[in-house]
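What follows is a predicted structure for the sequence shown.
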Amino acid sequence: MSVVGHTPPPFFKRGPAPLTQLVFFVTLSIALLFADLRFHTLEWARLAVTTVAWPLQRMAGLPVAAAGDAGHYFSSLTTLQTENADYKKKLLATANQLLRQEHLEQENMRLRALLDMKARQPATGRIAQILYAARDPFSRRVIIDKGVQEGIVAGQAVIDDIGVIGQVTRVFPLTSEVTLLTDKDQAIPVEVQRNGLRAVLNGAGAGMMELRFLAANADVKPGDTLVTSGLDGVYLDGLPVAKVTRIDRDNSYAFARITCEPLAGVERHGQVLVLGKREVTPPPPDEAGDAAKPGKGKRVKKSQNRKP
Amino acid sequence: MMQPTHSSRRILLPARAWFIVVSLGLALFVNLIPFGRLPLVPDWVALVLTFWCVHQPQRVGMGAAFVLGLAMDIADGSVMGQHALAYVPLAFAAAGLSKRILWFPLLQQALHVLPMLLAAQIIMVVARTTGGGEFPGLLYFFSSFSGALLWHPLTYLLLLPQYRPVERDENRPI
């Protein structure tokens, strides 16, 4: 409060008024939110800061990692022995398939060559360890211990021993961030293993997934297994993804509500395999261009109509 | 320098700038510990920020809140601006109410702090769910309650360096 012609003495100077500061910083925050949510333009800043703060982040992770290690240390010998025996039994059970796998793959390749079909893409991968779940409670993400230095690229699929768990969405020099299938923004093209019905599976939060945009009378039953269809060029085809748990066929809606449960240990920690990037299939001929043109034409027409 | 604290008998030494910075940095570091989705883990940065905004409103304000918010966004891997958007009103409220809050005993101060922490969390939930995030469940809000419970011990801890004079003198009243 200054009387006209008198500025307050410097002793009382406290910067801009609190309300001005509030409006300024809130506006700035909202602008940042928009820039990050809509346009994803701030990844470079995130990458830079994360790289610098990497040792700190590692140090903060130490107590949790130490607690986990202590837990392992005290797990009794008998548990480990039974686990080991279980693994051996499992190995023997699958040995039959494993031994014939190579033979079948080569046979498949020969047959495909005979039929002049495109060769199936070989599956390569890197084993990574899940370090921790990201703290952000609004999304489902985990951090794995392989990054740019190990050749990880954003977009690679991540699987565990049972099925798909997610996709690499951000890569840092030494770590990368995997968005789990149960994240609300994550979608994966799948097909029903029983009849080959194609659909898109979306995360629904709370550890569940939802099969969207399938007609109310679509041929899906509870207990059906969903596998990747491989149409997107990201996931290899035939990887198990989820099991249908519940179907609500309400006739008042055009689509059925199909709830699914992930097969793989999506919400558990452990070892995962980051699959190699698939070769990009050539884009369909100029579909986007065609789609954009009618929109433009319409707008032009409208404005022309408005003029007279 | 008369400062109302939980007991108005006490006259405090001025807070040191390096202690404020170190305490905020330490809170940020503790927040980096990956607890995953464990409820009841308080947001230490919000808590320490509120403390300094209440006790030193002229030194720690909305600028610091904004910078800390951005740091938390990067540390959490959340959307940029989310924590900043929540911390700035938190700092505004804490600094604005500091004159009032400091006259109350510590438990009642905690009752003032609780709605501020809750409001910050609600702002984050609204910002993220409108941006397409999933609702984290009601357990998420428990961290505000645990934070308010920690107000009492935290006040003692953070005021500790201000309690004692630099050199002891039996004849001096402070």
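Cool, the structure landed. Numbers count the residues shown, from 1 in each chain, chains lettered A, B, ... in the order given.

Give the rounded mean pLDDT of the host helix or strand of B:Val126.
Assigning secondary structure by DSSP states H and E places B:Val126 in helix B:106-130. Mean pLDDT, computed over helix B:106-130, is 92.

how about the residues of the stretch 51-200 of chain A near chain B?
A:53, A:56-57, A:59-61, A:63-64, A:131-141, A:143, A:170, A:177, A:183-185 (C-beta under 8 Å from any C-beta of the partner chain). Just so you know, the C-beta spots here come from the backbone N, C-alpha and C atoms, and that holds for glycine as well.

Tell me where the longest helix sits in chain A.
For chain A, the longest helix by residue count, based on DSSP state H, is helix A:77-115.

the helices in the stretch 1-150 of chain A, which residues?
A:18-39, A:43-52, A:54-74, A:77-115 (DSSP state H, counting those that start in this stretch).

Name all residues that make contact with A:Ala204.
A:182, A:184, A:210, A:259 (C-beta atoms under 8 Å, 6 or more residues apart in numbering or on different chains).

Pretty sure it sits in a strand.
Yes. Counting by DSSP: H, G, I helix; E, B strand; the rest coil, A:Ala204 is part of a strand.

Return the distance of it relative to A:Val192.
18 Å (C-beta to C-beta, to the nearest Å).

Skipping its backbone neighbours, what lies nearest A:Leu239 in space?
A:Thr228 (4.5 Å; C-beta to C-beta, 6 or more residues apart in numbering or on different chains).

The one you found: how many residues sit nearby?
23 (other C-beta atoms under 10 Å in any protein chain shown).

One more: B:Leu111?
12.

host element of the residue lying closest to it once chain neighbours are set aside?
The shortest distance from B:Leu111 to any non-neighbouring residue, by C-beta to C-beta, 6+ apart, is to B:Ala148 (7.4 Å). Element membership for B:Ala148, per DSSP H and E: helix B:142-149.

which other residues reach that helix?
Outside helix B:142-149, the residues that reach it (C-beta under 8 Å, 6+ apart) are B:39-43, B:46-47, B:110-111, B:113-114, B:117-118, B:120-121.

Can I have the buried ones of those residues as a PyMOL selection?
Typed into PyMOL, the next command selects the buried ones out of the contacts of helix B:142-149 (criterion: 16 or more other C-beta atoms under 10 Å in any protein chain shown):
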select buried, chain B and resi 39+41+42+43+46+47+110+113+114+117+118+120+121
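
circling back: on contacts alone, who are the packing partners of the helix or strand just after the helix holding B:Ala148?
Using DSSP H and E, the helix or strand that follows helix B:142-149 in sequence is helix B:151-163. Applying 3 or more C-beta pairs under 8 Å, 6 or more residues apart in numbering or on different chains; DSSP states H and E, we find helix B:151-163 packed against helix B:44-55, helix B:106-130.

mind putting those helices in TSV, distance to A:Thr94 included?
Below are the helices and strands packed on helix B:151-163 laid out as TSV (distance: least, C-beta to C-beta, whole Å):
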stretch	distance to A:Thr94
helix B:44-55	48
helix B:106-130	43
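
among the ones you listed, which is the most enclosed?
helix B:44-55 (a mean of 25; mean count of other C-beta atoms under 10 Å in any protein chain shown).

Packing partners of that helix?
Helix B:44-55 packs on helix B:17-32, helix B:62-76, helix B:82-101, helix B:106-130, helix B:151-163, going by 3+ C-beta pairs under 8 Å, 6+ apart.

Check the offset of it from the chain's centre.
2 Å (C-alpha atoms, centre = their mean, to the nearest Å).

and if you look at stretch A:85-98?
31 Å.

and it, average pLDDT?
On average, stretch A:85-98 scores 86.

all helices for the stretch 201-308 of chain A, in order.
A:287-306.

So, low pLDDT: which residues of it?
For the stretch 201-308 of chain A, residues meeting the criterion pLDDT under 70 lie at A:266-267, A:269, A:279-308.

what residues does it put near chain B?
Going by C-beta under 8 Å from any C-beta, the residues of the stretch 201-308 of chain A near chain B are A:203, A:205-206.

And chain A, split by domain according to the record?
A:14-49, A:126-275 (automatic domain parsing).

Nearest to A:Asp219, out of the residues of the stretch 201-308 of chain A next to chain B: which one, please.
A:Gly203 (23.5 Å; C-beta to C-beta).

Report whether the expected contact of the closest one with A:Gly166 is present.
No. Using C-beta atoms under 8 Å, A:Gly203 is not in contact with A:Gly166; the gap is 9.3 Å.

Let me see the contact set for A:Glu261.
A:Glu261 neighbours (C-beta under 8 Å, 6+ apart): A:207-209, A:242-243, A:245.

Quick check: beta-bridge partners of it?
When bridges are called by DSSP bridges, A:Glu261 pairs up with A:Lys243.

how close does it sit to A:Val244?
8 Å.

neighbours around the residue nearest to A:Trp54 when sequence neighbours are not counted, how many?
Once flanking residues are discounted, A:Trp54 sits nearest to A:Leu174: 6.3 Å by C-beta to C-beta, 6+ apart. Neighbours of A:Leu174 under the rule other C-beta under 10 Å: 16.

for A:Leu174, phi and psi?
Dihedral pair for A:Leu174: phi -120, psi -10, per degrees, to the nearest 10.

I'd like to check which residues are in contact with it.
A:54, A:145, A:147-149.

any idea which of those is closest to chain B?
A:Trp54 (11.0 Å; C-beta to the nearest C-beta).

Could I get the average pLDDT for stretch B:26-34?
87.

Hmm, I typed the wrong one, I wanted stretch A:182-200.
Mean predicted lDDT for stretch A:182-200 stands at 87.

Buried ones in that stretch, by neighbour count?
A:182-184, A:186-192, A:197, A:199-200.

Inside strands: which ones of those?
Filtering the buried residues of stretch A:182-200 for membership in strands, criterion DSSP state E, returns A:187-192, A:199-200.

May I ask which two of those residues are separated the most?
Within these (distances taken as C-beta to C-beta), the two that end up farthest apart are A:Ala187 and A:Val192, at 16.4 Å.

Looking at the ones in strands among the buried residues of stretch A:182-200, which is nearest chain B?
Of these, the one sitting nearest to chain B (C-beta to the nearest C-beta) turns out to be A:Ala187, at 12.1 Å.

Tell me which helix or strand in chain B has the weakest average pLDDT.
helix B:151-163 (a mean of 87; mean pLDDT, DSSP states H and E).
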